[in-house]
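Peer 1: Show me the folded form of this:
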Amino acid sequence: MKKTILLPFLFFTTLIYAQNYFVPISETAMQLAPDSDRRIIPERYTTFELDVASLSDFLTTIPMEFTEEASSHESILMVPQADGSNEPFAVWRVMACEPQVYTMFPEIRTFAGVSLENPGKTIRGSVTMRGCKLMIMHPNADIDYVEPYAWEQTRYYMLYNRAHYPESMSENPGDSGMKVLARTGN
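Peer 2: Numbers count the residues shown, from 1 in each chain. I've put the predicted structure just below:
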């Protein structure tokens, strides 16, 4: 009985300290330059405003993967979901580049995480001078993406499912291979 009461209490207490940097915003409320370049326009998506500087600062405080601190799941990031909700993910830093790349570009942050509500759901993400990118991988092999709404800005983001990736992108020479990755799941 005590364990039954204690587990929900610990989960709720953890969520109090979760960091949420994503705020829903309508497209009409976005303040973009008139010549904003939208290279990806999914068939369906939701939009968010993100405080990238605060997210980047938070990511400097999270533990490195494979450490005891990372396994304790104390660094919690609220991640937007396609239904408009936010889901808590335990996050940790990962080395996705050679160490000298991080030395040359200290603003790069790479991280991974696991959902605290659905342990089969994981994320991979990065924050660079071009903003934030996230990949949310579901247990059923479905994938959602969070990417900048338009190029040359880091304030507004969109979340979309790979099934809503525009078919026309396969004809775009500027497509950086995301179409192939999205379709194959690699």
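
Peer 1: List the residue ranges of the chain that fall below the pLDDT cut-off.
Peer 2: Confidence mapping of the chain against pLDDT under 70 gives the ranges 1-17, 168-186.

Peer 1: Strands along that one, start to end?
Peer 2: Under the criterion DSSP state E, strands of the chain are mapped to 22-24, 46-50, 76-80, 86-93, 109-115, 122-128, 131-137, 143-148, 156-161.

Peer 1: how far away is Tyr160 from Ala53?
Peer 2: Remark: distance between Tyr160 and Ala53 (CB to CB, to the nearest Å) = 24 Å. Using the backbone N, CA and C atoms, a C-beta is placed for each residue, glycine as well.

Peer 1: Equivalent analysis for Glu74, please.
Peer 2: 22 Å.

Peer 1: Including mean neighbour count and distance to Leu59, could the strands of the chain go into TSV?
Peer 2: Output for the strands of the chain, formatted as TSV (neighbours: other CB atoms under 10 Å; distance: least, CB to CB, whole Å):
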stretch	mean neighbour count	distance to Leu59
strand 22-24	15	14
strand 46-50	19	13
strand 76-80	22	9
strand 86-93	21	7
strand 109-115	20	4
strand 122-128	19	6
strand 131-137	20	10
strand 143-148	21	14
strand 156-161	22	16
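
Peer 1: Make JSON lines from those and add distance to Met64 to it.
Peer 2: Output for the strands of the chain, formatted as JSON lines (distance: least, CB to CB, whole Å):
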{"stretch": "strand 22-24", "distance to Met64": "24"}
{"stretch": "strand 46-50", "distance to Met64": "24"}
{"stretch": "strand 76-80", "distance to Met64": "16"}
{"stretch": "strand 86-93", "distance to Met64": "5"}
{"stretch": "strand 109-115", "distance to Met64": "10"}
{"stretch": "strand 122-128", "distance to Met64": "15"}
{"stretch": "strand 131-137", "distance to Met64": "19"}
{"stretch": "strand 143-148", "distance to Met64": "23"}
{"stretch": "strand 156-161", "distance to Met64": "26"}
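
Peer 1: Which residue, other than its chain neighbours, is closest to Lys121?
Peer 2: Ser115 (4.0 Å; CB to CB, 6 or more residues apart in numbering).

Peer 1: For beta bridges, what are the partners of that neighbour?
Peer 2: Using DSSP bridges, the beta-bridge partners of Ser115 come out as Phe89.

Peer 1: Just list the residues touching Asn161, thanks.
Peer 2: 42, 44, 82, 142-145 (CB atoms under 8 Å, 6 or more residues apart in numbering).

Peer 1: Kindly recompute the last result at 6 Å.
Peer 2: The neighbours of Asn161, taking CB atoms under 6 Å, 6 or more residues apart in numbering as the test, are Asp144.
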